[in-house]
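Peer 1: no sequence on this one, just coordinates:
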């Protein structure tokens with residue numbers, strides 16, 4: 001009688017773990033999709049400096065060549 005109860009408890013625990021794992025997978029999938037749609041932090045212009053810039057010696061348009 002106790003083995004049946006233990007088996008049932010074990011099965012319920014396994015099903016709960018399976019549900020939690022599926023929920024984590026679904027959440028991770030949503031996070032990846034939202035990151036693709038709205039990338040944060042990297043807009044590609046972080047290296048641009050505001051204000052006057054020193055001339056670039058490799059730039060052919062600065063008139064020195």
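Peer 2: Structure's in. What do you need? Given the structure is predicted, the values throughout are model-derived calculations rather than measurements.
Peer 1: ok, residue 22 - contacts?
Peer 2: Listed by Cβ atoms under 8 Å, 6 or more residues apart in numbering, the contact set of residue 22 is empty. The way it works is simple: take the backbone N, C-alpha and C, and place the C-beta from them, glycine included.
Peer 1: how close does it sit to residue 16?
Peer 2: Look at residue 22 and residue 16: by Cβ to Cβ, to the nearest Å, they are 11 Å apart.
Peer 1: so what sits against both of those two?
Peer 2: Between them, residue 22 and residue 16 share no contacting residue under Cβ under 8 Å, 6+ apart.
Peer 1: now residue 50. Its backbone dihedrals?
Peer 2: phi -80, psi 150 (degrees, to the nearest 10).
Peer 1: before we move on, what about residue 6?
Peer 2: Here is the backbone geometry of residue 6 (degrees, to the nearest 10): phi -60, psi -40.
Peer 1: swap in residue 53?
Peer 2: With angles defined as degrees, to the nearest 10, residue 53 sits at phi -120, psi 150.
Peer 1: equivalent analysis for the one 3 residues further on, please.
Peer 2: Residue 56 has phi and psi values of phi -90, psi 120 when expressed as degrees, to the nearest 10.
Peer 1: count of residues packed around it?
Peer 2: By the other Cβ atoms under 10 Å criterion, the neighbourhood of residue 56 contains 9 residues.
Peer 1: quick one: pLDDT of it?
Peer 2: pLDDT recorded at residue 56 is 78.
Peer 1: repeat that for residue 13.
Peer 2: pLDDT recorded at residue 13 is 98.
Peer 1: and it, how close does it get to residue 20?
Peer 2: From residue 13 across to residue 20, the span is 11 Å (Cβ to Cβ).
Peer 1: SS state for residue 17?
Peer 2: At residue 17, secondary structure determined by DSSP: H, G, I helix; E, B strand; the rest coil is helix.
Peer 1: actually residue 47, not the one I wrote
Peer 2: Assignment for residue 47 (three-state DSSP): coil.
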